[in-house]
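A.B. asks: Got a predicted model here, sequence first, then my questions.
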Amino acid sequence: MAVLVHHFNHEEQVVCHLAAKTVSTNVVYHLHKCGAVSPIWQQKCVEAFNSSVSGPELDSCLWSLTDVLKQLLKEAHQEILQRLLAAFDSSLCTLCSNFLPEQRKEAAQGLVGFTQGRPRGTTFCLFLDLLEALTASTLMCDTGLKSQRLTYLHSSALLTTVSCSPEYFVKKRVLLLLKRAVLQKAGEDWALGDVLSTGLRYQHLSSNSNMLAQTVLTTVADNWLQSLQVESASFFGGTRRLRAGEGQKADCVMLRAVSLLLLKSMDSYLRAMSLLCTLNSTTLCQDIFIKSPFIYYFSICVARYITGLINLKCELN
């Protein structure tokens, strides 16, 4: 194990990936057999996460931990999953704080530098894959650990990434993560069958969704949509040359992700307000709705949506 972990920092990318893949398989086997996390692998990953220095070693640690989490989620091993998350909780929180600063100015400045360029952008996408696996774990078991809620806690910084990152594939990956988080469908691309959807729905899931919804709506109220750029359709993270007379088509994946993120956020917010009204007086309820800036924006969106349906119906007739 020590030799394999040492190759995490190998200069050849293929060697790093093969070492990470072999280590993750060995770690899962060791967890099933002994119920304990490999100390050598854990120490290497914790050191890499705490330092958060972009490079082959951090990439290998991110990939290996994500792969271990995915395998445990597919097999629905809740007890082992809880033990693994507890071992990395503190270092994961440190890693996320380094990648996604809470202050908007710091986040904007740091993200432009960190996500710029293909190597660093790849590291950030590996980090996003890990965030999705952690978010998916909330659908399987409730550990009460902060690391499971990092996507929700740092949602404001993630939205800032969409606005500030110079790399389009990074923006797209972040939006897809936020869309799956708000829809509670994290991990749907790699989970086997309905393993995640059959998990118990814990009480904190609604609070997480409400937190994310309020962050999205607050950011949208600050003209976040105006800073969002949707380019032409991309293929495997790149672009293609247009033929003569062929017009550019917008990236529908991005458009769908933004639409679902906004609509589900408004839905969650209105459900929360409706529940609040049932628990409080009518006067307080009216005061909340009148003073809320989100209701005005929601009414505009609904009006445009209805207008679009009417226009579509007229065209069909």
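C.D. replies: Received it, and whenever you're ready, just let me know what you need.
A.B. asks: can you list the weak-confidence ranges in the stretch 51-200 of the chain?
C.D. replies: 102-119, 142, 191-200 (pLDDT under 70).
A.B. asks: If you could redo that for the stretch 201-317 of the chain, that was the one I meant.
C.D. replies: Counting by pLDDT under 70, the low-confidence segments of the stretch 201-317 of the chain come to 201-205, 233-249, 275-317.
A.B. asks: Tell me the secondary structure at Ala36.
C.D. replies: coil (DSSP: H, G, I helix; E, B strand; the rest coil).
A.B. asks: That one: how many residues sit nearby?
C.D. replies: Residue neighbour count, defined by other CB atoms under 10 Å, stands at 13 for Ala36. C-beta: built from backbone N, CA, C; applies to glycine.
A.B. asks: Identify all contacting residues around stretch 26-36.
C.D. replies: Contacts of stretch 26-36 with the rest of the structure, by CB atoms under 8 Å, 6 or more residues apart in numbering, involve 1, 4, 37-38, 41, 64, 68, 71-72, 77, 79-80, 83-84.
A.B. asks: mind running it again at 6 Å?
C.D. replies: Here stretch 26-36 makes contact (CB atoms under 6 Å, 6 or more residues apart in numbering) with 38, 41, 68, 71, 80.
A.B. asks: List the contacts of the second one.
C.D. replies: This means Trp41. Under the contact definition (CB under 6 Å, 6+ apart), the residues listed for Trp41 are 5, 23, 27.
A.B. asks: quick one: the nearest residue to Asn210 once chain neighbours are set aside and Gly187, what's the gap?
C.D. replies: Counting by CB to CB, 6 or more residues apart in numbering, the nearest residue to Asn210 once its immediate chain neighbours are dropped is Ala272, at 5.0 Å. Ala272 is 25 Å from Gly187, where distance means CB to CB, to the nearest Å.
A.B. asks: cool, and Gln42?
C.D. replies: Plainly put, Gln42 is 23 Å away from Gly187 if you go by CB to CB.
A.B. asks: ok, those two, which is more surrounded?
C.D. replies: Set side by side, Gln42 and Gly187 show unequal neighbour counts under other CB under 10 Å, the larger going to Gly187 at 22 against 18.
A.B. asks: Confirm the more buried one sits in a helix?
C.D. replies: No: secondary structure assignment (three-state DSSP) places Gly187 in coil, not in a helix.
A.B. asks: That one contacts Ala136, correct?
C.D. replies: Yes: proximity of Gly187 to Ala136 meets the contact threshold set by CB atoms under 6 Å, at 3.2 Å.
A.B. asks: Please report how far the residue nearest to Asn210 lies from Val23.
C.D. replies: Taken as CB to CB, the spacing of Ala272 relative to Val23 amounts to 43 Å.
A.B. asks: Give me the more crowded residue out of the two.
C.D. replies: Using other CB under 10 Å, the more surrounded residue of Ala272 and Val23 is Val23, with 27 against 16.
A.B. asks: following the host helix or strand of that one, which helix or strand comes up?
C.D. replies: Counting by DSSP states H and E, the element that carries Val23 is helix 13-34. Per DSSP H and E, the first helix or strand lying C-terminal to helix 13-34 is helix 39-51.
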